[in-house]
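**Student:** please find the sequence and the predicted model below.
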Amino acid sequence: MKSKPDIYHEKQSKQLCALHTLNNLFQKPDTFTKTLLDELCIQLTPNSWINPHRSIFGLGNYDVNVVMAAIQLMDCEMVWWDKRRRITPHDVNSAIGLILNLPSPSRVGSLLFPFRTKHWLAIRQFDSVYYNLDSKLSAPESIGDIQQLIEHLTRHLNEDDCELFLVNSTKPCTLAVAELM
């Protein structure tokens with residue numbers, strides 16, 4: 001039986017799921033920091049007292065624009081998936097990773113609020129197996145092979161208010177493949 005690969009996995013802190021998703025996706029601690037994401041928010045909307053790209057309380061809760069800008073810093077692009085389309089192995093195999101943005105219960109400690117927020121999570125392949133790198137999990141969770149991944153994604157995309165993004169390298173193909181090895 002194959003041993004489980006060594007997978008970097010940050011756990012949830014405050015409303016920093018976008019930060020954890022990015023670091024989990026790129027498999028390095030501090031690839032991104034809260035300070036860097038806050039700076040991206042300011043670059044996206046300079047001269048604004050209340051920044052629309054993050055929580056007004058400074059706890060995170062970054063929007064899609066910040067995540068996309070951060071991914072561009074890594075010579076990658078984030079492509080929104082039209083959920084009306086069927087997902088195929090070819091669509092997924094060309095991506096270095098996937099990001100889901102899905103509804104999540106809103107809570108502080110054990111206090112549950114009557115509204116939902118959005119939660120970011122990364123999915124990546126290691127040794128032919130796809131893993132859910134959700135920062136709310138205590139450890140990465142195996143999804144399975146490509147067909148099981150497609151079933152997993154399709155279930156999520158059938159839910160209201162769930163979005164899928166494919167993360168692709170913008171580097172020339174041979175360079176991107178060499179760096180993944």
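**Tutor:** Looks like it came in fine. Nothing here was measured: the structure is a model prediction, and the numbers come from that model.
**Student:** show me where this structure dips below the pLDDT cut-off.
**Tutor:** Residues of the chain meeting the criterion pLDDT under 70: 1-3, 56-59, 105-116, 173-181.
**Student:** any idea how far Arg124 is from Glu151?
**Tutor:** Summarising the geometry, the distance separating Glu151 from Arg124, computed by CB to CB, to the nearest Å, is 17 Å. C-beta: built from backbone N, CA, C; applies to glycine.
**Student:** likewise for Val79?
**Tutor:** Using CB to CB, one gets 16 Å for the distance from Val79 to Arg124.
**Student:** if you count what's nearby, which of these two comes out ahead?
**Tutor:** Relative neighbour count places Arg124 above the other of Val79 and Arg124, with 23 against 15, counting by other CB atoms under 10 Å.
**Student:** contact partners for the residue nearest to that one when sequence neighbours are not counted?
**Tutor:** Distances taken as CB to CB, 6 or more residues apart in numbering put Gly97 closest to Arg124, at 4.5 Å, once the chain neighbours are dropped. Gly97 sits next to Leu25, Ala122, Ile123, Arg124, Gln125, Val167 when contact means CB atoms under 8 Å, 6 or more residues apart in numbering.
**Student:** roughly how far does Gly97 sit from Ala139?
**Tutor:** Going from Gly97 to Ala139 by CB to CB gives 18 Å.
**Student:** what does Val66 give?
**Tutor:** Here Val66 is placed at a distance of 26 Å from Ala139 (CB to CB).
**Student:** neighbour count for the two, which is higher?
**Tutor:** Neighbours per residue (other CB under 10 Å) separate Val66 from Ala139, with Val66 holding more: 26 against 11.
**Student:** touching the helix or strand harbouring the more buried one from outside, list them.
**Tutor:** In this assignment (DSSP states H and E), Val66 forms part of helix 64-73. Counting by CB under 8 Å, 6+ apart, helix 64-73 makes contact with 18, 21-22, 32, 36-37, 40-41, 43-44, 53-54, 77-78, 99, 101, 120, 163, 165, 167, 170, all of which sit outside it.
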